[in-house]
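> Pasting the sequence and the predicted coordinates here, then a few questions.
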Amino acid sequence: MLKDTGERVIPDQMAITNELLIEHLARYHFSVPYVHGRVLDFATGTGYGTHIIAKKCKKKVSEIVGIDIDPEVIKYARGRYYHPLSKYLVEDVTDPKLSEKLGQFDVILSFETIEHVKDEQQFLANVFQLLKPNGTLILSTPFGKGRGKPCGSPFHVHQLTPQEFFELFKNYSKTEFYYQNGPLIETFSTSVQKHHPLGIVVARK
């Protein structure tokens with residue numbers, strides 16, 4: 001049985017009321033209207049999100065590739081979440097040769113990944129190279145005290161501030177920002193004074 005590391009989402013081992021599970025599922029369902037063509041799920045984990053997209057978008061997706069650095073979770077994903085449209089590969093999201101290996105994609109999903117990555121610039125460069133012209137990136141991350149500052153999670157390098165998050169996507173032609181609180185995802189508004197625990201961007205190359 002696959003072991004829970006503390007941040008790993010394994011739906012089969014979680015209650016349907018588990019807030020972490022609900023939060024993660026909400027992001028994949030949020031992305032459904034944007035998904036089409038060839039899709040990449042960065043840091044797919046156990047593969048449940050890749051499977052959601054394959055099932056929900058089967059009429060508009062040609063292929064969805066889920067990658068993760070952990071061979072154990074990729075083995076699990078292949079066994080638990082097989083779908084004719086999906087493929088699971090062991091890859092490093094900061095590998096500079098990733099675009100040579102995988103080609104380009106119409107849509108890239110990257111949920112709760114960037115806060116785990118030390119080489120943020122290479123990660124972002126890979127995403128941009130992997131996107132086709134006019135391709136769409138949907139990326140999320142929890143907000144915190146900022147780049148280089150300690151955060152509450154031992155699994156995170158750091159947690160960006162909203163402003164730091166906004167500045168990551170200046171090389172995209174169009175961006176839309178959202179915030180997430182549990183399953184609720186709403187348009188980000190700086191005029192509304194409320195806590196924004198998680199940020200989501202939909203960015204067009």
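Nice, I can see it. Numbering: from 1, shown residues only.
> where exactly do the helices run in this structure?
Here the chain has its helices, by DSSP state H, at 19-31, 48-56, 71-80, 98-102, 120-130, 162-167.
> Quick check: which of those is nearest to Asn181?
For Asn181, the closest of the helices of the chain is helix 19-31, at 8.8 Å, according to CB to CB. (Each C-beta comes from the backbone N, C-alpha and C, glycine too.)
> what's the angle between the closest one and helix 48-56?
Here helix 19-31 points in a direction 40 degrees away from that of helix 48-56 (axes from the mean of the first three to the mean of the last three CA atoms, to 10 degrees).
> how about helix 19-31 as CSV, C-alpha atoms only?
The C-alpha coordinates for helix 19-31 follow below in CSV (Å, rounded to 0.1, in the frame of the first residue of the first chain):
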residue,chain,number,x,y,z
GLU,A,19,-10.5,19.2,3.4
LEU,A,20,-7.1,18.6,1.8
LEU,A,21,-8.7,16.1,-0.6
ILE,A,22,-11.7,18.4,-1.4
GLU,A,23,-9.3,21.4,-2.0
HIS,A,24,-7.2,19.4,-4.5
LEU,A,25,-10.2,17.9,-6.3
ALA,A,26,-11.7,21.4,-6.7
ARG,A,27,-8.7,22.6,-8.6
TYR,A,28,-8.9,19.9,-11.2
HIS,A,29,-12.7,20.4,-11.7
PHE,A,30,-12.0,24.2,-12.0
SER,A,31,-9.6,23.5,-14.8
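> Could you look over the helices of the chain and pick the most buried one?
For the helices of the chain, ranked by mean neighbour count under the definition mean count of other CB atoms under 10 Å, the leader is helix 48-56 at a mean of 22.
> Give me the distance between the nearest residue to Lys118 once chain neighbours are set aside and Leu168.
Sequence neighbours aside, Val157 is the residue nearest to Lys118 in space, at 5.4 Å (criterion: CB to CB, 6 or more residues apart in numbering). Val157 sits 14 Å away from Leu168, going by CB to CB, to the nearest Å.
> got a list of what the closest residue to Pro162 other than its chain neighbours touches?
Excluding the flanking residues, the one nearest Pro162 by CB to CB, 6+ apart is Phe143, at 5.7 Å. Taking CB atoms under 8 Å, 6 or more residues apart in numbering, we find Phe143 in contact with Gln159, Leu160, Thr161, Pro162, Phe165, His196, Pro197, Leu198, Gly199.
> I figured the third one hits Gly144, correct?
Yes - with contact defined as CB atoms under 8 Å, Thr161 reaches Gly144; the gap is 7.2 Å.
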